[in-house]
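Chemist: Just the structure for this:
(one chain, ligands or ions: 1)
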Amino acid sequence: MQMRTQPPATKRLRPANHGRRVRREKRTIEAMLGIYCRDHHGDARASRGGSLCDECTTLLRYARQRLDNCVFGELKQPCSQCTVHCYSKSMRPRVLEVMRYAGPRMTFRHPVLGLFHMLDKLRGR
Ligand SMILES: [Zn+2]
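Modeler: A predicted model of the protein is given here:
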């Protein structure tokens, strides 16, 4: 587990985020990884809610943990527009790649989550 900067002690003591918004973002990234993994790593189970490949599982676990610890909590912007960049240097490009690939495809496979994702993007501008 690598972190670029240590957050202040007070922030580390906060309970993990568990609001509606954060939970929805977790579902979104999970759905995106399902699409991405199935198309790139050839695992047909992924899109049916089955297991992701090891690499994508690691990424999902990491993304969930970042959301748990997001300093903005329920007020957060989409990760892609966030100024904090809490993702580590090695993870950030991988997550962005997944989002870039799966984002536009979400509308078809997960219409509701995809819609929320698009609204977030519009709102962030
Ligand atoms: Zn994968």
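Chemist: Within range of the ion, give me the residues from the chain.
Modeler: Counting by Cβ under 5 Å from the ion, the chain comes close to the ion at 37, 41, 53, 56. C-beta here means a position set from N, CA and C on the backbone, and glycine is covered the same way.
Chemist: Thought residue 53 was touching the first one, still the case?
Modeler: This means residue 37. Yes - using Cβ atoms under 8 Å as the test, residue 37 is close enough to residue 53 to be in contact (5.6 Å).
Chemist: Going through the residues of the chain next to the ion, which ones are buried?
Modeler: Buried by 16 or more other Cβ atoms under 10 Å: 37, 53, 56, out of those.
Chemist: Any chance of CSV for those, columns secondary structure?
Modeler: Listed next are those as CSV, based on DSSP: H, G, I helix; E, B strand; the rest coil:
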residue, secondary structure
37, helix
53, coil
56, helix
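Chemist: Can you tell me which of these is closest to residue 114?
Modeler: Nearest to residue 114 out of these is residue 37 (Cβ to Cβ; 17.3 Å).
Chemist: per-residue confidence for that closest one?
Modeler: Residue 37 is assigned 91 on the pLDDT scale.
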